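> dropping the sequence and predicted coords here.
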4 protein chains.
Amino acid sequence: MKRIKVGIINVTGYTGMELARLLCRHPKVKLASVTGRSAIGNKLCQIFPHLSDIDLIVQPELEDVALAFSAMPHKASAEGVLEALERGIKVVDLSADFRLKEAAEYQLWYQASHPAPQLLAEAVYGLTELNRSQIASARLVANPGCYPTGAILALAPAVEGGIIAPDIIIDSKSGVSGAGRTLTLNTHFSEANENVSAYALDGHRHLPEIVQELQKLTPETLSITFLPHLVPMTRGILTSCYAQLLRGETSKEEVKQLYQEFYRDEPFVKVVDFPPGTKQTWGNNLCLIYATIDSRTGRLIVISCLDNLVKGGAGQAIQNMNLMLGFPETAGLEMPAVYP
Amino acid sequence: MKRIKVGIINVTGYTGMELARLLCRHPKVKLASVTGRSAIGNKLCQIFPHLSDIDLIVQPELEDVALAFSAMPHKASAEGVLEALERGIKVVDLSADFRLKEAAEYQLWYQASHPAPQLLAEAVYGLTELNRSQIASARLVANPGCYPTGAILALAPAVEGGIIAPDIIIDSKSGVSGAGRTLTLNTHFSEANENVSAYALDGHRHLPEIVQELQKLTPETLSITFLPHLVPMTRGILTSCYAQLLRGETSKEEVKQLYQEFYRDEPFVKVVDFPPGTKQTWGNNLCLIYATIDSRTGRLIVISCLDNLVKGGAGQAIQNMNLMLGFPETAGLEMPAVYP
Amino acid sequence: MKRIKVGIINVTGYTGMELARLLCRHPKVKLASVTGRSAIGNKLCQIFPHLSDIDLIVQPELEDVALAFSAMPHKASAEGVLEALERGIKVVDLSADFRLKEAAEYQLWYQASHPAPQLLAEAVYGLTELNRSQIASARLVANPGCYPTGAILALAPAVEGGIIAPDIIIDSKSGVSGAGRTLTLNTHFSEANENVSAYALDGHRHLPEIVQELQKLTPETLSITFLPHLVPMTRGILTSCYAQLLRGETSKEEVKQLYQEFYRDEPFVKVVDFPPGTKQTWGNNLCLIYATIDSRTGRLIVISCLDNLVKGGAGQAIQNMNLMLGFPETAGLEMPAVYP
Amino acid sequence: MKRIKVGIINVTGYTGMELARLLCRHPKVKLASVTGRSAIGNKLCQIFPHLSDIDLIVQPELEDVALAFSAMPHKASAEGVLEALERGIKVVDLSADFRLKEAAEYQLWYQASHPAPQLLAEAVYGLTELNRSQIASARLVANPGCYPTGAILALAPAVEGGIIAPDIIIDSKSGVSGAGRTLTLNTHFSEANENVSAYALDGHRHLPEIVQELQKLTPETLSITFLPHLVPMTRGILTSCYAQLLRGETSKEEVKQLYQEFYRDEPFVKVVDFPPGTKQTWGNNLCLIYATIDSRTGRLIVISCLDNLVKGGAGQAIQNMNLMLGFPETAGLEMPAVYP
């Protein structure tokens, strides 16, 4: 079978790099074109020596491909997306540009007027497990943020199932690669190593995504606090969620069954029997979920974990691509985690 | 001035070791006797090469000292404490044995009948900032757990101030040294490195301490969920606390003032202007606290951080000793953190 | 095509686990049987949750397979190997039992008389790049140690090429997983983190392998010092080799060409243009080599790096299996490194 | 006793910061003035929150002090040093500007003509243990680089003792803080974590210092290869040195005695009985040395370790200051390491 051509807009960050790593072993597609803003004219392996098997040169413009991934920063991404769509290229956008349905919300959180508001209605939020059928027929998929992927998957069964009160606390712990390849003092090794801190206490840009998507699952108005933390590791997000159970007598077993039922046929979400560690998802596309009850207080506790660059980024983007191009959803994503 | 003799019961774990490190530079006391269950007859520096300046041999029995620190595991500790008190030696007990006021609670959480219930009423809970005057006159001080120190200090102003509803979420992230020097698969480097996980989801033994001490500050019945997490670093605990503000219109500034007022004269608690990282307390006795509001939901968020082996252990024990022996509270504890 | 059955003797350590991870995605073989000394009767995923796709139960005895990997400790391994060979099963032995050609050397380094000296002559040292044709026809392959793989590959071109004096220094830096899954104080997270140390200064058991294999390449008597170091990371070995060039005027370019020529057609050894980092091989089967000259002193410096659990262990074992079973050498091993 | 005023030129890097940490607890001096190139007008604790006990504002110009530490980058430092000396201020220069005795060597390694060659003869190389008496009477001390401190201390007894051939290999492993606070891709957390690499293979700027100082100890012409490596930890340098023993029959015990004799009365160099780890010097001013023999090859192996920011930087600078101002050499430097 001839493999279908795909491309990456802005391959030079960690997201673009991880897309290239995963796509180069994909059985159905051929990575045919990669662009960059810097590094144009360089071989991909000059920037990322571990990708020495990929013989591609970073170009200023995307070649003709069936589908493109945009790994541009927000705002710049929308412009590239618009152009690609006009050329008839399907797009999975890994930036934040098409995640929020309201241009006003975008303005509020990203301090910029939306570059292509006409596409907001059409774009599908690419949390595969919740929006599978729409993704399959979409021209433009907005790939979720890394935090929202873990948080929404952890809470969706409980919110949709109507078992919790609308007051929800989401406490996330992320590895440093989530902050990208751009140099900052916070991500300088000597500062980040042996250090844990909370950040974005006035509101993280991933909050409105989480609210928007969970709110779709319930008529109740949710009141969500989301607090991200930086922990000294490279990959992984562990998210701990807390909410009051509506019926105090719900048992741990009932909660577990609700979650298992919800994700019964999902290839990339596993409801597990023991609290998981992020390392169990290192390098693969799984989201592991553990749901239990704090029986002293009648609260639901849900833990989720995933690799922020895979299920929280490039992996989920390929999962979405698989649906958009009619491939098996798991194609190219079946590797186990690398442990320890 | 002649320095007063003190001793350490069971010096061979991390807590005992850290006591020795701090005591050997203390201006008012002389570390005169250290005991162990293993390693008897060895020089201290054979077990801990970094303590080569301390010329002491691990002995089976405590010599005559004015005050002893017990760094035994729970249950065994109570026995040593009892014996020391009978010899007229004051004790700071770093085990859990005298923290809980009710023997039944102890039985419930530690699956053992209490070895010395007759001392429970007398023992003072050694969170220095809350119980300073009682500690000063105590014969037996129960040094708090590492998690409770950070959690109670973070919440005390809000609970006592009556500004929050009684439903409280405490999400803590701890370095691995909190699990001690005993070998386990969870603390094996290859398993713990590049990994974050939650544990003790059915209830951690530090929960009843937190409830007991915070409950003293309010007539309302508190409903507290506490969830600890292991993060890949050696030292440090960061605790994130969440609770609904009773009056939605409370401002960030008011919260900050409440906290600053509460800890105004405290040498070892600092209310800071920016979210702190654990590394800012590496090796010293500070607890840093940042209190703010999630204005979208009207929730209080409080972050605290400390070094689990110092303010969360040996440092606070020495702070308590200073009070018990009539020294300045800060004696021997004034070093800045080692950063980065 | 029907996949050929293979098995793992003692799957419960890191080497066995890594074999399982790699074999479960191999296109030509089916992992059909895994044994253990502990954990018998458990599903593999109960021990290693990241291997949840493998539906196998740990058994006391190996089933009938075409080839078995032995991941037993030395001495015990030889017994299992003997038994497997008698059943007509080819074996790749990942222990040290069949690496040294002289039973006396084995006795000297492993303080045990060799359990099956009759097999020493037949066993082939499984450094694929040097012994490819013998491996292809072997019944028993002794998979090299992790350090020897990196050290021998780094030095073979220079030793065989006759460009260096026989005095060689090998300074290796290894991640902690090289020490295995057994708990020790040295591999306790709080001890190993933020720490570098040298060990085995009186002689590491991997030294005689290195000497034996390099000595085959030259008539000169080599004098090799090998010193391993533990560094705070999970995977990876970086080896730095030093030796005096025989002809001072050898240029960097000539050295590079010698190395490139030597490894011209090797799929898993890359001679690179810049000093590599271990992370560039994280999770894959490559050995990266950088050879240069210290022009001030006329010394050769060669750096090699690899993942100790893959090219230094399970990956090379599968590379050898591929040859032994007539598959393409790269089958199941073509994944890029997971970076960062 | 009135404390003597000292200052720090360019406090805003890790070296300046560490000087401030150590000086603020020094019993004999008062840190009275700190300057910066950036951050002028800020309180020191705004830049470094862990130094909140120091109430100083970063100024553009140094106030009148008895002694100043220059923590400027090379070249800029010489200018500040010149100015300070002209004002009658003694200087410990932590840059490289006055370490090399030959202006031509400086030109060669730093690609700049020396800004103050007239001071080269006067400046004393501040490796305290080797140049104690000259330092005590010096007006200008050139504080050694972090690598040279560990390498020279490791080799001085053997070189001066004449027990080794002149061919020496020095293989150093450094934590990332040695690269300073300036942001680079190599020191970005996600790149440096779980990674080991060699660098400066064409010659590191610390090599000429090492050669210059060791060459003073022997009439033989030394031939030294020095290769630094970056390891994923914040602090610490472990240096492994290799050289051929001249008399093959030298025993381990003789080597140990030579080393113990050489450093008999040194407060900050300890010859230890077991191979040390860098963590044993975390935050303190010790250099630990272990000397042994590879009896198979008749080679000397010496391991040294230290904290690159303390004995390899700020600590040694204060040790030198103590001598220059007539204080006990150990004043302000007597803390044990913080372990684990």
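Cool, the structure landed.
> continuing past the worst-scoring helix or strand of chain A on mean pLDDT, what's the next helix or strand?
The weakest-scoring helix or strand in chain A, judged by mean pLDDT, DSSP states H and E, is helix A:44-47 (a mean of 94). As assigned by DSSP states H and E, the chain's next helix or strand after helix A:44-47 is strand A:58-59.
> which secondary structure elements does that next one sit against?
strand A:29-35 (3 or more CB pairs under 8 Å, 6 or more residues apart in numbering or on different chains; DSSP states H and E). (C-beta placed from N, C-alpha, C; glycine too.)
> what helices or strands is the strand it packs on leaning on?
Judged by 3+ CB pairs under 8 Å, 6+ apart, the packing partners of strand A:29-35 are strand A:4-9, helix A:14-23, strand A:58-59.
> now the second one - C-alpha only, CSV.
Put plainly, it is helix A:14-23. Listed next in CSV are the C-alpha coordinates belonging to helix A:14-23 (Å, rounded to 0.1, in the frame of the first residue of the first chain):
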residue,chain,number,x,y,z
TYR,A,14,9.5,19.3,21.4
THR,A,15,6.0,18.8,20.0
GLY,A,16,7.1,18.9,16.4
MET,A,17,10.1,16.6,17.2
GLU,A,18,7.9,14.1,19.0
LEU,A,19,5.5,14.0,16.0
ALA,A,20,8.4,13.2,13.8
ARG,A,21,9.6,10.4,16.1
LEU,A,22,6.2,8.8,16.1
LEU,A,23,5.4,9.4,12.4
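> now check that helix, is it near chain C?
Yes. Using CB under 8 Å from any CB of the partner chain, helix A:14-23 reaches chain C at A:14, A:17, A:21.
> which one of those residues is nearest chain D?
Taking CB to the nearest CB as the measure, chain D lies nearest residue A:14 of the residues of helix A:14-23 next to chain C, at 7.1 Å.
> how about residue A:296: what's its closest non-neighbour residue?
Closest residue to residue A:296 apart from its sequence neighbours, by CB to CB, 6 or more residues apart in numbering or on different chains: residue B:203 at 6.9 Å.
> what do you get for residue A:266?
residue A:129 (5.5 Å).
> for chain A, which segments count as strands?
A:4-9, A:29-35, A:58-59, A:67-70, A:90-93, A:124-125, A:140-142, A:164-174, A:197-198, A:223-230, A:237-245, A:269-271, A:287-294, A:299-306 (DSSP state E).
> I'd like these as a markdown table, with mean neighbour count and mean pLDDT appended.
Output for these, formatted as a markdown table (neighbours: other CB atoms under 10 Å in any protein chain shown; pLDDT from 0 to 100):
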| stretch | mean neighbour count | mean pLDDT |
| --- | --- | --- |
| strand A:4-9 | 24 | 98 |
| strand A:29-35 | 22 | 98 |
| strand A:58-59 | 19 | 97 |
| strand A:67-70 | 27 | 98 |
| strand A:90-93 | 26 | 98 |
| strand A:124-125 | 22 | 98 |
| strand A:140-142 | 27 | 98 |
| strand A:164-174 | 24 | 98 |
| strand A:197-198 | 24 | 98 |
| strand A:223-230 | 23 | 98 |
| strand A:237-245 | 25 | 98 |
| strand A:269-271 | 22 | 98 |
| strand A:287-294 | 24 | 98 |
| strand A:299-306 | 27 | 98 |
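> and the helices in the stretch 151-300 of chain A?
Remark: helices assigned in the stretch 151-300 of chain A by DSSP state H, counting those that start in this stretch are A:189-192, A:207-215, A:252-262.
> select, out of those helices, the one closest to chain B.
For chain B, the closest of those is helix A:189-192, at 4.2 Å, according to CB to the nearest CB.
> tell me the contacts of the residue at the greatest distance from the centre of chain A?
For chain A, the largest distance from the centre (CA atoms, centre = their mean) belongs to residue A:249, which lies 34.1 Å off. For residue A:249, the contact set (CB atoms under 8 Å, 6 or more residues apart in numbering or on different chains) is empty.
> what do you get for residue A:135?
Here residue A:135 is in contact with A:124, A:126, A:128, A:141, A:320, A:323-324 (CB under 8 Å, 6+ apart).
> between these, which is nearest chain B?
Nearest to chain B among those is residue A:128, at 24.0 Å by CB to the nearest CB.
> separation between that closest one and residue A:7?
According to CB to CB, to the nearest Å, residue A:128 stands 21 Å off from residue A:7.
> ok, residue A:178 next?
On the measure of CB to CB, residue A:178 and residue A:7 end up 24 Å apart.
> what do you get for residue A:208?
Separation of residue A:208 from residue A:7 (CB to CB) stands at 29 Å.
> and residue A:46, by the same measure?
In terms of CB to CB, residue A:46 sits 19 Å off from residue A:7.
> do residue A:180 as well
Distance, residue A:180 to residue A:7, using CB to CB: 21 Å.
> so residue A:47 touches residue A:14, yeah?
No. Counting by CB atoms under 8 Å, residue A:47 stays clear of residue A:14, with 11.5 Å between them.
> more crowded one of those two?
residue A:14 (24 against 19; other CB atoms under 10 Å in any protein chain shown).
> list the residues that contact that one.
Counting by CB under 8 Å, 6+ apart, the residues that residue A:14 touches are A:177, A:180-181, A:309, C:340, D:190.
> out of those, which are buried?
With neighbours counted by 16 or more other CB atoms under 10 Å in any protein chain shown, the contacts of residue A:14 contain buried members at A:177, A:181, A:309, C:340, D:190.
> of all these, which two lie farthest apart?
Taking CB to CB as the measure, these span a maximum distance of 11.1 Å, between A:181 and A:309.
> near chain D, which residues of the stretch 1-150 of chain A show up?
residue A:14.
> rewinding a little: now the least confident helix or strand of chain A: buried residues?
Buried, per 16+ other CB under 10 Å, within helix A:44-47: A:44, A:47.
> that helix near chain C anywhere?
No. Helix A:44-47 is not in contact with chain C by CB under 8 Å from any CB; minimum separation 9.3 Å.
> what packs against that helix?
Right, helix A:44-47 is packed against no helix or strand by 3+ CB pairs under 8 Å, 6+ apart.
> and the contacts of it?
A:11-12, A:17, A:20, A:34, A:39, A:51-52, A:54-58.
> now that helix, how far from the chain's geometric center?
On the basis of CA atoms, centre = their mean, to the nearest Å, helix A:44-47 sits 25 Å off its chain's mean C-alpha point.
> with only the CA atoms kept, save that helix in CSV.
Extracted C-alpha coordinates of helix A:44-47, given in CSV (Å, rounded to 0.1, in the frame of the first residue of the first chain):
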residue,chain,number,x,y,z
LEU,A,44,16.2,17.3,10.7
CYS,A,45,18.9,15.2,12.3
GLN,A,46,21.2,18.2,12.7
ILE,A,47,18.6,19.7,15.1
